[in-house]
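prediction below, plus the sequence it came from.
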Amino acid sequence: MQYFVDKDSIVRKIWGKSDTILFIFAGAAAEFALNKAVDWLYFTGKLPSDPIGRLFSTFRYARMIVFAPIKEATEAIEMMARIHKDVEQKRGATIPDWAYRDVLFMLIHYSIAAYELLESKLSGEEKQEVYNVFYRVGIGMGLKELPENYRQWLPVRDAHLNADLVKSHHTTHLFMQYRKQLGATRFKLLKEAQKLVVPAHVRNLLGLNQPSLLSPAVPIYKFSRWMKLDHMVKNILLPSQYRQQINKLDIV
């Protein structure tokens, strides 16, 4: 059977470990809150009422595509496109193309950043492989003006960050909801995790410029994985309502 992503692909290694996905989630949670098009997610009411669950839903789609056969992955991509079209029809407006690209660009950036934080530096070829996978997802959703390769994407990504992010009342409200859902201690950990993976421009907008308190803990956590104690650590740190679904993310 032919899969959307080759079985030996670095992308499967990235998306086959729950802790890597959690850091991808942490970075995306910060950048989502700053995006000028976040009002589209407020329109449905799903994001402000359950921002953690809404983001996990997005990541489940992405992960399903990474591990699915080509036919199932293609159907999932087409379903995502239909869901967004339905929202557009209900609102009577069109989601701007740059907003779709922004979400795709988050998946590319944080896949690389999270893996390099917890595992090892990626080669140029591996970064290109990450880009290729999500480029194909973007093409499947009908996105336009996507750079053809990773090197061409880098300046486009920077331009999107500078043009499409702003700290707004949506940003403040979403972070309040994050804190409400996670509790004060876990919310603090979320922000410290975000410092480790978000771009400098995102850190500046959110006031996350101080060194992360988690930096010294990263090598300790890597050791806990080697000792097979990482599930214990995650069970302590994660909200109980999400533990089971997060633990199911471990494939590799």
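Noted; the coordinates are in hand.

so where is the stretch 1-150 of the chain shaky, pLDDT-wise?
Residue ranges of the stretch 1-150 of the chain with pLDDT under 70: 40-49.

quick one: the helices in it?
For the stretch 1-150 of the chain, the helices defined by DSSP state H, counting those that start in this stretch cover 10-15, 18-34, 39-44, 46-49, 51-67, 70-91, 97-118, 124-140, 150-164.

distance between the second one and the chain's centre?
Put simply, helix 18-34 sits 5 Å off its chain's centre (C-alpha atoms, centre = their mean, to the nearest Å).

what about V218, how many neighbours?
As a burial measure, V218 scores 15 neighbours (other C-beta atoms under 10 Å). In short, each C-beta sits where N, CA and C put it, glycine included.

swap in S168?
S168 - counted by other C-beta under 10 Å - has 15 other residues nearby.

tell me how far it lies from A33.
Noted for S168: a distance of 9 Å to A33, by C-beta to C-beta, to the nearest Å.

related to what we said a few turns ago, may I see the helices of the stretch 1-150 of the chain organised as CSV, with distance to L208 and mean neighbour count added?
Rendered in CSV, the data for these read as follows (distance: least, C-beta to C-beta, whole Å; neighbours: other C-beta atoms under 10 Å):
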stretch, distance to L208, mean neighbour count
helix 10-15, 23, 22
helix 18-34, 8, 23
helix 39-44, 22, 16
helix 46-49, 21, 16
helix 51-67, 18, 18
helix 70-91, 30, 14
helix 97-118, 14, 21
helix 124-140, 24, 19
helix 150-164, 15, 15
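
R186: which of the ones you listed is closest?
Evaluated with C-beta to C-beta, the helices of the stretch 1-150 of the chain place helix 51-67 nearest to R186, the distance being 10.1 Å.
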